[in-house]
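Peer 1: Would you be able to build a 3D model of this:
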Amino acid sequence: MEVQEPFYKKVPGRRRQISRWILADWNRLIFLSRGGNIFIMEDIKIIDANADNLHEYGMCGYKDLKQEGYRRKVEWLKQRFAEGMKFKVLYSERDGAVGAVEYVPGEYAWRTIDAFGYLVIHCIFIIPRHYKEKGFGGLLLEECWKDAKKENRHGVAIVTRNGSWMVGKQLFIKHGFEVVDNAPPDFELLVKKINPNASSPVFKDDWEKRLNRFGDGLVIITSDQCPYTAKAVKEICGVAEVDYGLKPMIIELKDSRDARENSPCAFGTFCMVYRGKLIADHPISKTRFKNIMSKSK
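Peer 2: Okay, here's the model as predicted:
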């Protein structure tokens, strides 16, 4: 890791090895070892975003309400706060919002899982490269864990995957999570329990039945959970009509139950079906859509 002032100040003293972040104050100081030395990172805090301050910090690299996806995500989050959703921002005094975690009670999760009694993480991310692999993911994860304990939840669950778009499982395995279920093509459901006797969360398993509802046309199932979906839907619809003579059917998922009970993929909040087959299980670009369609002929 490259040490960049003014983020770190070397602390004099004997060399010692520290294998993880040690927190002196959750919101201000983090001690880190590098090459046997101890460093202090300052001016980092975790902010509990709410309907009043959400737009101050932005999300996923967006902060302009002129961007449709961001604007819709902000409104979507404001509705979800009443359901117990948390959106916690990793904030740097120097660089602003550099990461976040979004989680919600399992009964309101937008993933296609049964996780009643758990907190379910929708997404967790760090954006700037120089903030990655420095333990900040663990800080955000601990926020969720503390809330799960405070709310007397069974534990914390998350859907991960080996492919693109979603977070991998490595961070969670490192922090005591275990894989309890899987779904096609490469989704995994992980959990860390507070109550060891609680039933584990599971994926829905009626994928073929769900796909059969959509017929032979091009169908886009979408929601405002991710700020990137609005752009993806707009671009794909344009390419579908101009290049392939297809007018997609757009299905907007109206709430978390709709996503859990009707989405034909484990991601839940965005997928595409063509000729009765799942062709995308997360938001994709128009270029990726063209590649998929060229193989579907």
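Peer 1: before we move on, what SS does Val219 have?
Peer 2: Using DSSP: H, G, I helix; E, B strand; the rest coil, the structure places Val219 in strand.
Peer 1: ok, His154 - contacts?
Peer 2: Neighbouring residues of His154 by Cβ atoms under 8 Å, 6 or more residues apart in numbering: 117-118, 193-195, 198. No exception for glycine: its C-beta is placed from N, CA and C like everyone else's.
Peer 1: Please repeat the previous calculation with a cut-off of 6 Å.
Peer 2: Taking Cβ atoms under 6 Å, 6 or more residues apart in numbering as the criterion, His154 is in contact with 117-118, 195, 198.
Peer 1: Equivalent analysis for Ala148, please.
Peer 2: Taking Cβ under 6 Å, 6+ apart, one finds 119, 156 in contact with Ala148.
Peer 1: let's see 10 Å
Peer 2: Listed by Cβ atoms under 10 Å, 6 or more residues apart in numbering, the contact partners of Ala148 are 103, 105, 117-119, 154-157, 192-194.
Peer 1: Who does Cys123 form a beta bridge with?
Peer 2: On the basis of DSSP bridges, Cys123 is bridged to Glu102.
Peer 1: ok, back up a step: buried by neighbour count, from the contacts of His154: which ones?
Peer 2: 117-118 (16 or more other Cβ atoms under 10 Å).
Peer 1: With pLDDT and distance to Glu208 added, can I get the contacts of His154 in a markdown table?
Peer 2: Shown next, in a markdown table, are these (pLDDT from 0 to 100; distance: Cβ to Cβ, whole Å):
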| residue | pLDDT | distance to Glu208 |
| --- | --- | --- |
| Gly117 | 98 | 28 |
| Tyr118 | 98 | 27 |
| Asn195 | 97 | 33 |
| Ala198 | 98 | 29 |
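Peer 1: What is the most widely separated pair among the contacts of His154?
Peer 2: The distance between the two most remote of these (Cβ to Cβ) is 9.6 Å, for Tyr118 and Asn195.
Peer 1: The nearest residue to Asn195 once chain neighbours are set aside and Arg111: what is the separation?
Peer 2: With sequence-adjacent residues excluded and distances taken as Cβ to Cβ, 6 or more residues apart in numbering, Asn195 is closest to His154, at 4.6 Å. For His154, the distance to Arg111 (Cβ to Cβ, to the nearest Å) stands at 16 Å.
Peer 1: would you put the C-alpha positions of stretch 151-166 in CSV?
Peer 2: Written as CSV, here are the backbone C-alpha positions of stretch 151-166 (Å, rounded to 0.1, in the frame of the first residue of the first chain):
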residue,chain,number,x,y,z
GLU,A,151,-32.4,-5.0,16.5
ASN,A,152,-32.2,-8.6,17.9
ARG,A,153,-31.9,-10.1,14.4
HIS,A,154,-30.9,-13.7,13.6
GLY,A,155,-27.8,-12.3,11.8
VAL,A,156,-26.7,-10.8,8.5
ALA,A,157,-27.1,-12.2,5.0
ILE,A,158,-25.8,-11.1,1.6
VAL,A,159,-26.0,-12.4,-2.0
THR,A,160,-22.6,-12.5,-3.7
ARG,A,161,-21.3,-13.8,-7.0
ASN,A,162,-18.1,-14.8,-8.8
GLY,A,163,-19.0,-12.9,-11.9
SER,A,164,-19.4,-9.2,-12.6
TRP,A,165,-21.4,-6.5,-11.0
MET,A,166,-21.9,-7.8,-7.4
